[in-house]
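**Q** mind folding the following:
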Amino acid sequence: MSVFILAIESSCDDTSASIIQDGRVLSNIVSVQTAHAEYGGVVPELASREHQIHIVPVVDAALKKAGISVSDLSAVAFTRGPGLLGSLIVGVTFAKTLALSLNIPLIEVHHMHAHVLAHFAEKPYPEYPFLCLTVSGGHTQIIKLDSYNEMEILGQTVDDAAGEAFDKTGKMLGLDYPAGPEIDKLAKQGIAKYEFPIADMDNYDFSFSGLKTSILYFLRKKLKEDPNFIENELVNICRSVQDTIIETLIRKLIKASEETKIINIAIAGGVSANSGLRDRFNEEAKARSWNAFIPDFEFCRDNAAMIGITAYFKYLDKDFCDQGVTAEARLPF
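**A** The predicted structure is shown next:
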């Protein structure tokens, strides 16, 4: 008998629902909140209100696309954390209520675990052990996996995440939020003619706060010399910044692979959709004989399919939670 899992993701500003059948993605619906652009970043209260509006239509769409009804569900999964508390509460409350009404198991999922396991949403699957560079707006980590539930953080950012560095740079340049995709697009037209510092952290850790400060001072200096500097040099600034962020990430990933002797290497998270990072990653993989894995764009950003895939593994282990579970904004890894 098939196992059907409804998965819900509401950790930040995208509302998503997915149906997983026996580990296969049948549907993956994402409703993108656009109301935050005018504020230059996600407004938590606004995000939670938008989730309340979107969650029922998104779940309904996921069920219809999968061709099943709620009575066919074997379990309901949800993102418990980390994330914005108000946003998480909407998803957690909906999942608990639906599972209780159907008298079916409830499965909590860690958002960052799910980003890593998004690689199992489609073949080919990485073999264990493998390393995963997980890069998003809120997290930058190198994770070693020995199995789906045996993960170890080898290194992580000590301050800002790579995605945050992209977005805050974009704000300095006058780009709309989220700026990461726009910087990626503009960088393709430019050359890396400006040098920015790369933080040399101990072990496999990252730091991007110094880069942001360096960019700020650089722009201030150049704008004093030429008020039209950003307008005239935008594509070259974007390429220079993007290449610096990518170099920071890849250096640590190379170090981790060399020292652990692991050649199964993956990247995940929203920033893994960046074309510059994908190209550089594939170049290094070819040069170093890595077995490289990158999720399809659909599974890079926050999405419920990755929650459902993770939940399916937990379902097979009967790793369920009870109705006393609560959202946790700073859920430990």
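
**Q** how is this protein divided into domains?
**A** Domains of the chain are assigned by automatic domain parsing as 4-116+300-316, 126-294.

**Q** ok now the last one, how far from the chain's centre?
**A** Domain 126-294 sits 13 Å away from the centroid of its parent chain (Cα atoms, centre = their mean, to the nearest Å).

**Q** returning to that earlier point: export the domains of the chain to JSON lines and tack on distance to Ala329 and mean pLDDT?
**A** To be clear about C-beta, it is placed using only N, CA and C from the backbone, and glycine gets the same treatment. Below are the domains of the chain laid out as JSON lines (distance: least, Cβ to Cβ, whole Å; pLDDT from 0 to 100):
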{"stretch": "domain 4-116+300-316", "distance to Ala329": "4", "mean pLDDT": "95"}
{"stretch": "domain 126-294", "distance to Ala329": "11", "mean pLDDT": "96"}
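
**Q** ok, which of those domains comes nearest Gly324?
**A** Of all the domains of the chain, domain 4-116+300-316 sits nearest to Gly324, with 9.4 Å by Cβ to Cβ.

**Q** endpoint to endpoint, that closest one covers what distance?
**A** 12 Å (Cα to Cα, to the nearest Å).

**Q** strands of the stretch 151-300 of the chain, start to end?
**A** Assigned by DSSP state E, counting those that start in this stretch, the stretch 151-300 of the chain shows strands spanning 264-268, 291-293.

**Q** likewise for the stretch 1-150 of the chain?
**A** 4-9, 14-21, 24-32, 75-81, 106-110, 130-135, 140-147, 150-156.

**Q** listing partners with orientation, what would you give for the last one?
**A** Sheet pairing of strand 150-156 (DSSP bridges) gives strand 140-147 (antiparallel).

**Q** contacts made by stretch 29-41 with the rest, please.
**A** Stretch 29-41 is contacted from outside by 13-18, 42-43, 46-47, 50, 54, 57-58, 61-62, 65, 167, 171, 176-177, 301-304, using Cβ atoms under 8 Å, 6 or more residues apart in numbering.

**Q** just the domains of the chain: most buried one?
**A** The highest average neighbour count among the domains of the chain, using mean count of other Cβ atoms under 10 Å, belongs to domain 4-116+300-316 at a mean of 21.

**Q** turn the domains of the chain into TSV, including distance to Gly324.
**A** Formatted as TSV, the domains of the chain follow (distance: least, Cβ to Cβ, whole Å):
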stretch	distance to Gly324
domain 4-116+300-316	9
domain 126-294	22
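
**Q** what residue is smack in the middle of this structure?
**A** Nearest residue to the geometric centre of the chain (Cα atoms, centre = their mean): Gly269, 2.9 Å.

**Q** so Pro124 is in contact with Pro295, correct?
**A** No: contact criterion Cβ atoms under 8 Å: Pro124 and Pro295 do not qualify, at 11.6 Å.

**Q** those two - which one has more neighbours?
**A** Remark: of Pro124 and Pro295, Pro295 carries more neighbours, 25 against 8, as counted by other Cβ atoms under 10 Å.

**Q** ok, the more buried one - contacts?
**A** Ala118, His119, Ala121, Glu122, Ala268, Ser272.

**Q** in TSV: the strands of the stretch 1-150 of the chain, plus distance to Asn282.
**A** Conversion of the strands of the stretch 1-150 of the chain to TSV gives the following (distance: least, Cβ to Cβ, whole Å):
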stretch	distance to Asn282
strand 4-9	28
strand 14-21	27
strand 24-32	24
strand 75-81	30
strand 106-110	28
strand 130-135	13
strand 140-147	18
strand 150-156	22
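
**Q** indicate which one of those is closest to Gly276.
**A** With Cβ to Cβ as the yardstick, what comes closest out of these is strand 130-135 (12.1 Å).

**Q** send the alpha carbons of the closest one over as CSV?
**A** Output of strand 130-135 as CSV, limited to C-alpha atoms (Å, rounded to 0.1, in the frame of the first residue of the first chain):
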residue,chain,number,x,y,z
PHE,A,130,28.9,12.9,1.2
LEU,A,131,29.6,16.5,2.0
CYS,A,132,27.0,19.2,1.3
LEU,A,133,27.6,22.9,1.1
THR,A,134,24.3,24.4,2.2
VAL,A,135,24.0,28.1,1.2
